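J.: attaching a predicted model along with its sequence, questions to come.
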Amino acid sequence: MIQNKRLLSFAASLLCAVSAAQAQTPTPPAAEPASPNTLTGNVAAVSDYRFRGVSQTYRQPAIQGGFDYTHVGGFYLGNWNSSVSANSYNNGASLEVDLYGGYRFPLTKELSGDIGVLHYLYPGARLNSAPATPTGNQYDNTEIYFGLTQGAFNAKLSYAVTDYFGLNSSTAGYAYFNALPARGNSRGTTYLDLNYNMDLGNQVTLGLHAGHTSVRRYSELSYTDYKVFVGKEFAGVNLSLALVGANADNRYYQAVDSGGLNPKKLAKTALVVAASKTF
């Protein structure tokens, strides 16, 4: 009986010691909840900046970069910038500044939607009424868009709520290389953008793109563009090679240098090399 009491007493003492040790051991801090906000940046160098199949840099290289903010609820804001050619955007800073924002949302288990607004800004740039004679007309353009994504496929329709890059009755005669008859404003111009990206493994991606620009009231300027590209990541840098072109009418989609010489067809099919990094 005495021995049993001693065993019970020893067990009780051991339990008390363990409890005291546990009480003195600090509790690991709880993991902080993931932030609902994400901010990323990007920078790129390209051999030619093609916008909807048409060169914006006189078929010369460009430096690009920007940032994106996204919220877990689907809202996003962003800015993207690129050097452009003064031969296409006269009297300005040879810079394109894109400002955008929108909302992404699920429609079904596999289908998601995207709605937003995008403003293209060309600081200081003004169209010319004659060589070296600037006007007050800007190239700036604003579009609203709606997109759908399902797996590797994406489609987007953009609608211009301003004159399409400055095209209207007062600029039609000199906005493009060959004069266009004045037919009013170009608001309501649309762009249909179709993309399919395939993961080939080993960090290699194959991309297919087709798009169609429909310029309101100025059908001569409407055209279809295309792109086929292959990209691969090396040490955190994305390298890509793309075949890009469009069936745009060369009478309108060309540019000359500051002396009015050396015309270049801006929609000519070409290989475009790019290196980019996201951080």
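T.: Noted; the coordinates are in hand. Residues are numbered from 1 along each chain as shown.
J.: which helix or strand contains the residue lying closest to Arg217 once chain neighbours are set aside?
T.: Closest residue to Arg217 in three dimensions, ignoring its sequence neighbours and counting by Cβ to Cβ, 6 or more residues apart in numbering: Arg183, at 4.3 Å. Quick note: C-beta positions are derived from backbone N, CA and C, even for glycine. Arg183 is located outside every helix and strand, with elements delineated by DSSP states H and E.
J.: from Gly173, how far out is Arg183?
T.: 11 Å (Cβ to Cβ, to the nearest Å).
J.: where exactly do the helices run in the protein?
T.: Using DSSP state H, the helices of the chain run over 2-24.
J.: hmm, Glu220 and the residue nearest to Arg217 touching each other?
T.: No: if you go by Cβ atoms under 8 Å, Arg183 and Glu220 don't touch, sitting 10.2 Å apart.
J.: contact partners for the nearest residue to Val237 once chain neighbours are set aside?
T.: Closest residue to Val237 apart from its sequence neighbours, by Cβ to Cβ, 6+ apart: Lys277 at 5.2 Å. Listed by Cβ atoms under 8 Å, 6 or more residues apart in numbering, the contact set of Lys277 reads Asn42, Val43, Ala44, Gly236, Val237, Asn238.
J.: how near is the last one to Leu208?
T.: Distance from Asn238 to Leu208, counting by Cβ to Cβ: 17 Å.
J.: what's the answer for the third one, then?
T.: The span separating Ala44 from Leu208 equals 20 Å under the rule Cβ to Cβ.
J.: looking at these two, which one has more neighbours?
T.: Set Ala44 next to Leu208 and count neighbours by other Cβ atoms under 10 Å: Ala44 wins out with 20 against 15.
J.: my guess is that one meets Ser276, correct?
T.: Yes: between Ala44 and Ser276 there is a contact at 3.7 Å, judged by Cβ under 8 Å.
J.: name the residues contacting each of those two.
T.: Going by Cβ under 8 Å, 6+ apart, residues that sit against Ala44 and also against Ser276 are Gln64.
J.: where in the stretch 51-200 of the chain is pLDDT low?
T.: The stretch 51-200 of the chain contains residues with pLDDT under 70 at 130-132, 175-177.
J.: nearest spatial neighbour of Asn154, chain-adjacent residues omitted?
T.: Nearest residue to Asn154 in three dimensions, chain neighbours excluded: Asn195, at 4.6 Å (Cβ to Cβ, 6+ apart).
J.: what does the model give Val215 for pLDDT?
T.: Note on Val215: pLDDT of 98.
J.: should've said Ser13
T.: On the pLDDT scale, Ser13 gets 50.
J.: what of the one 5 residues further on?
T.: Model confidence at Val18, given as pLDDT, is 41.
J.: so that it lines up with my notes, have the first residue be 413 from now on.
T.: All right, first residue 413 from here; so that's Val430.
J.: once you drop chain neighbours, what's closest to the most centrally placed residue in the chain?
T.: Nearest to the mean C-alpha position of the chain, counting by Cα atoms, centre = their mean, stands Trp492 at 7.0 Å. Of all residues not flanking Trp492 in the chain, Gly478 sits nearest, at 3.5 Å (Cβ to Cβ, 6+ apart).
J.: check contacts around the one you found.
T.: By Cβ under 8 Å, 6+ apart, Gly478 lies in contact with Gly453, Asn454, Gly490, Asn491, Trp492, Asn493, Asp510.
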